[in-house]
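**Q** Fold the stuff below for me.
(2 chains)
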Amino acid sequence: MPTVHSAVLAAEDSAVEGIDLLIPAWYDIIWSSVVLVIIAIVFYKYILPKFQAVLDERTEKIEGGLAQAETAQAEAAAALEEYHQQLQEARTEAAKIREEARAEGSAIVAELRTKAQDDATRILETAHRQVEAERQQASISLRADVGSLATELASKIVGESLEDHARQSRVVDRFLADLESENTAGVGSNGQEG
Amino acid sequence: MCPLKSGTPDPDPWESPLFTLAAPLTVVASAEGEGGGFHAPSITDFFPPAIFFEGTIFEFNRVMLIRVIMTILLLAIFVIAARRAKLVPGRFQNAIEMILDFVRINIVGEIMGEERGRRYVPMITVIFLTVLTFNISGVIPFMNLAGTALIGLPVMLALWVFVTYWVAGIRKHGFGGYLKANLFPPGVPKPIYVIVAPIELLQILIIRPASLAIRLMANMVAGHIMLVLCFSATSYFLFEAAPALKAFGVLTFAGGFAFTLFELLVAALQAYIFGLLASVYINLSLDEEH
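**A** So this is what the prediction gives:
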C-alpha cells in the first residue's frame, strides 16, 4: 500500500500533506487577495453607496410625506377653524339683522300706531268742529228765529198793556212757556231782550 | 481491492476506512491506482493541478477559477441590483436589500449598536457576502468546491479583521491603553494576571484570527468530503457494485441530498458566524472596559 500511495502522490506535482490545508500557498494568498480586493472595491465604491443613497432618499421621501401630511392636516384644521369662525360671524350677523328687523318692525308698528292715533284725533277733532259748526249754524238760525219770535212777542206785548215789571215778566214767562210747549227746541233765556 | 470488482459482496476492505478520518487519502490512492471505480474524497481535491502559471506564485488552478467565477457572479448580482435600485423597490431589490439589512441590523447593529457600527457596516457586508458566496460554490454543480475551502481566502479575511480590530483598539485607547485594556482586564486579582495576560495576548494576536480562518476552512473541507463521499459512493453502488449492493446507493444518495441541504445551511451559518465574530472582535477593541 505505501508504495501505491507514494506513486500516486509522485504523479501529482507535489506531495500533499494534511498540514497543507492549514498553510496557505503563495498563489492562494495572492488570488484570494485579488478577488477580495476587487469585491471590496466594488462594494465600497459603488454598490453600498448606491444602496445607501436609495435608502436615504427613501427615508427622506417618507419623512417629506409625513411632513406634507402634517402640513395638510394643519391646513385642514385652520380651514375648519376659519369655517367655524365664519359660521359664528354669520350667526351673529343673522342675530343682529333679526334684532334690527324686530326693532324696525316695532318702530313701524309704533309709527303706524301714532299715525292711527293722530288720524283718530284728527277725525275726532273734525267731528268736534263739525258739531261746533252745526251748533253755531243752529245757533245762528235760532238767532234768526229769535228775531221773528221777538217780533211776534213784541206784537203780543203791544196787544197787552205792559204796566209794571211784574206783569211784563209774567207775560214773558207765559210766552216762554208757550214757546216751550210749542217748540221743544231749547231757546230759553236768549229771547228775553227785545 | 480486487474482490470488489469481481462482484463478491465483501465491503469490508473499503467500508471501514471510509468512515475513519485518516483514511480517504489511502482510499483514493488505491482507487486511482486501480484506474477508476470508487473515487473517495481526499485532500488532493483542494490542490488541483494548475491551469495557468504553473509553479509560479500566480499559479491559477480550479479553486481560483471557482473563486473568480463566484466573484463575477456576486458582483454581477449586486451591481445589477445597485444600478436598478429605485425608491420603490421591486422583488429583486427587496431581496438584495433584505440581505444588506440583515448584515447592517442583525449582525453589526446587534453587536456594536447603530452609532458605533456604521463605520464597519461596509466591511462586515463584504466579509459576509464573500464568505457566503464562496461557501455556496461548494454545493453548485460542476464547481462542487467551496472557494473558502482553501485556507488562503479565510486567512486573508481573518487578517483583515485582525488589522481592523487592532487599528480600532489603538485608535481608541492608544497602543499601550489597548494592550492594557486587553491584557489586564480590571476586576481580576493581581496574581492571576500572570496567567491571564499571556492568554489574552495569545487571544488577540493568534487565537482570534486563526480560529476565524480555520473554523471556516475546516467546515468547508468537511462539507466537501462528506458530499463527495456520499455521491461517489452512490455512483459506485449504482453503476459498479454488485446488484445486491445497489440498494445502498439509494441510501447514500439520500445522505448526499441531506448533506447538500445541510451544506447550504452551513454555508449561510459560517458566513453569519464570520461576520458576527468579526463584529464582536472589533467591538471588544472599542469597549471602554474589556
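**Q** Distance check, B:A213 against A:A116.
**A** 120 Å (CB to CB, to the nearest Å). All C-beta atoms are positioned from the backbone trio N, CA, C, and that covers glycine.
**Q** higher neighbour count, those two?
**A** B:A213 (25 against 10; other CB atoms under 10 Å in any protein chain shown).
**Q** Enumerate every residue touching the more buried one.
**A** B:151, B:154-155, B:157-158 (CB atoms under 8 Å, 6 or more residues apart in numbering or on different chains).
**Q** how about 7 Å then?
**A** B:151, B:154-155, B:158 (CB atoms under 7 Å, 6 or more residues apart in numbering or on different chains).
**Q** Could you tell me which of these belong to strands?
**A** Judged by DSSP state E, these include no members of strands.
**Q** If we check chain A, which of the residues you listed are in contact?
**A** Among the contacts of B:A213, proximity to chain A is found for B:151, B:155 (CB under 7 Å from any CB of the partner chain).
**Q** Dump the contacts of B:A213 into a markdown table; add neighbour count and pLDDT as well.
**A** Shown next, in a markdown table, are the contacts of B:A213 (neighbours: other CB atoms under 10 Å in any protein chain shown; pLDDT from 0 to 100):
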| residue | neighbour count | pLDDT |
| --- | --- | --- |
| B:I151 | 26 | 90 |
| B:P154 | 29 | 94 |
| B:V155 | 25 | 93 |
| B:A158 | 26 | 95 |
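**Q** What is the nearest of the contacts of B:A213 to A:S139?
**A** Distance to A:S139 across those (CB to CB) is lowest for B:A158, with 150.5 Å.
**Q** surely the closest one meets B:I214?
**A** No: here B:A158 does not reach B:I214: they are 8.7 Å apart, not a contact under CB atoms under 7 Å.
**Q** okay, and the common contacts of those two?
**A** In contact with both B:A158 and B:I214: no residue, using CB under 7 Å, 6+ apart.
**Q** Excluding chain neighbours, what is closest to the spatially most central residue of chain B?
**A** Most central in chain B under CA atoms, centre = their mean is B:L216, positioned 3.4 Å from the mean C-alpha point. With sequence-adjacent residues excluded and distances taken as CB to CB, 6 or more residues apart in numbering or on different chains, B:L216 is closest to B:P154, at 4.4 Å.
**Q** Enumerate every residue touching the one you found.
**A** So B:P154 contacts B:148, B:213, B:216-217 (CB under 7 Å, 6+ apart).
**Q** pLDDT-wise, what's the bottom of the residues you listed?
**A** pLDDT is lowest at B:T148 among these; the value there is 90.
**Q** which SSE is the closest residue to chain B within chain A in?
**A** Closest residue of chain A to chain B, CB to the nearest CB: A:D28 (3.0 Å). Assigning secondary structure by DSSP states H and E places A:D28 in helix A:26-42.
**Q** Repeat that for B:L74.
**A** According to DSSP H and E, B:L74 maps onto helix B:62-83.
**Q** what about the longest helix seen in chain A, average pLDDT?
**A** Assignment by DSSP state H gives helix A:48-159 as the longest helix of chain A. Averaging pLDDT along helix A:48-159 gives 89.
**Q** how far out from the middle of the chain is that helix?
**A** Centroid separation between helix A:48-159 and its chain, computed with CA atoms, centre = their mean, to the nearest Å, is 14 Å.
**Q** B:L183 contacts B:P198, correct?
**A** No: with contact defined as CB under 7 Å, B:L183 does not reach B:P198; the gap is 8.3 Å.
**Q** Compare these two (neighbour count), which wins?
**A** Remark: of B:L183 and B:P198, B:L183 carries more neighbours, 17 against 11, as counted by other CB under 10 Å.
**Q** Please report how far the residue minimising distance to the centre of chain A lies from A:R135.
**A** Nearest residue to the geometric centre of chain A (CA atoms, centre = their mean): A:A94, 0.9 Å. Look at A:A94 and A:R135: by CB to CB, they are 60 Å apart.
**Q** With B:R67 instead?
**A** As judged by CB to CB, B:R67 and A:R135 stand 146 Å apart.
**Q** for stretch A:17-28, how far is the first residue from the last?
**A** Start to finish, the residues bounding stretch A:17-28 are 16 Å apart (CA to CA, to the nearest Å).
**Q** For it, buried residues please.
**A** For stretch A:17-28, a neighbour-count test (16 or more other CB atoms under 10 Å in any protein chain shown) marks A:20-21, A:24-25, A:27-28 as buried.
**Q** which parts of chain A sit against chain B?
**A** By CB under 7 Å from any CB, the residues of chain A that approach chain B are A:1, A:4-5, A:8, A:12-13, A:16, A:18, A:20-22, A:24-33, A:35-36, A:38-40, A:42-44, A:46-48, A:50-51, A:54, A:57-58, A:61.
**Q** now those: which count as buried?
**A** By 16+ other CB under 10 Å, those give A:8, A:16, A:20-21, A:24-25, A:27-33, A:35-36, A:39-40, A:42-43, A:47-48, A:50-51, A:54, A:58 as buried.
**Q** Okay, the residue in the stretch 51-200 of chain B that chain A sits nearest to and B:V103: tell me how far apart.
**A** For the stretch 51-200 of chain B and chain A, the shortest gap (CB to the nearest CB) falls at B:G152, measuring 3.0 Å. In this view, B:G152 and B:V103 are 23 Å apart by CB to CB.
**Q** Looking at those two, which is more packed in?
**A** A count of neighbours by other CB under 10 Å puts B:G152 above the other of B:G152 and B:V103, at 27 against 23.
**Q** Many thanks, have a good one.
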